[in-house]
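J.: coords please:
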Amino acid sequence: AAEVAGAVVASLVGLVAARLLEPHDFGLVGSVLLITSLLESSTLLGFERALVQRRGDVEALLPTTWTWQVGRGLLLTCVLFAAAPWVARWYGEPRLCHVVRALAFAPFLRGLASPRVVLLARTLQFERQFALRALQVLSSAALALGALFVLRDHRALTVRLLGEAALTTIVSFWMLPWRQ
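T.: Prediction:
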């Protein structure tokens, strides 16, 4: 249900973005998303899945999981940041360097998220999972709409994506503090 609601809200934000932005703006950010998604999906470590399936208490493993998440995010951020000029040259679009460098921080921000989120899936707490996802989606949508109406160019999409990563981390720690 949370994913469906998230998709509906994302579609509505997308419709607003389509009315306010030029196709070129979507192309700039879309090419960065392609690169970022490939890097992130090819470097998944699988800790979350392993913790969900592991028997017994996993609380003691959460700091290690979080450290690896943060390290992976930091490494991806450094790689993307350093590769930005080459990506811009490859596409023949100088503005792309700034977009890549800005969005390079998203993997790091996502890596900072609370590792306790995995406990919701592990203990089948669907209501709390829904609440977490709903807060993430609604706060991200509000930020996205504000950025779209104020900036009205590719920077709005960049703000949305960075804001979504930051808000996901903030909400995860707000709902699932490290120590309860």
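
J.: buried ones in the helix or strand encompassing Leu34?
T.: Assigned by DSSP states H and E, Leu34 falls within helix 23-42. Judged by neighbour count (16 or more other Cβ atoms under 10 Å), helix 23-42 contains these buried residues: Asp25, Phe26, Leu28, Val29, Ser31, Val32, Leu33, Ile35, Thr36, Leu39, Glu40. The C-beta positions use only the backbone N, C-alpha and C, and glycine is treated the same way.

J.: what's the answer for stretch 136-146, then?
T.: Gln136, Val137, Ser139, Ser140, Ala141, Leu143, Ala144, Leu145.

J.: what sits against the most far-flung residue of the chain relative to its centre?
T.: Distance to the chain centre peaks in the chain at Gly56, reaching 29.7 Å (criterion: Cα atoms, centre = their mean). Shown in contact with Gly56 (Cβ atoms under 8 Å, 6 or more residues apart in numbering): no residues.

J.: for Phe126, same thing?
T.: Taking Cβ under 8 Å, 6+ apart as the definition, Phe126 has no contacts.

J.: what packs against the helix or strand bottoming out on mean pLDDT in the chain?
T.: Using mean pLDDT, DSSP states H and E, helix 47-53 stands out as the lowest-scoring helix or strand of the chain, at a mean of 84. Packing partners of helix 47-53 (3 or more Cβ pairs under 8 Å, 6 or more residues apart in numbering; DSSP states H and E): helix 62-91, helix 117-122.

J.: Contacts for that helix, please.
T.: Val58, Leu61, Leu62, Thr65, Trp68, Gln69, Val117, Val118, Ala121, Arg122.

J.: Only the buried residues of it, if you could.
T.: Phe47, Glu48, Leu51.

J.: Need these in JSON lines (columns: distance to Ala84).
T.: Output for the buried residues of helix 47-53, formatted as JSON lines (distance: Cβ to Cβ, whole Å):
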{"residue": "Phe47", "distance to Ala84": "28"}
{"residue": "Glu48", "distance to Ala84": "29"}
{"residue": "Leu51", "distance to Ala84": "34"}
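
J.: before we move on, back to that, list every C-alpha atom in the least confident helix or strand of the chain, with coordinates, as PDB.
T.: Below are the C-alpha coordinates for helix 47-53, written out as PDB (Å, rounded to 0.1, in the frame of the first residue of the first chain):
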ATOM      1  CA  PHE A  47      23.400  -6.700   4.500                       C
ATOM      2  CA  GLU A  48      19.700  -5.700   4.800                       C
ATOM      3  CA  ARG A  49      18.500  -8.900   3.200                       C
ATOM      4  CA  ALA A  50      20.900 -11.000   5.300                       C
ATOM      5  CA  LEU A  51      19.700  -9.300   8.500                       C
ATOM      6  CA  VAL A  52      16.100 -10.000   7.600                       C
ATOM      7  CA  GLN A  53      16.800 -13.700   7.100                       C
END
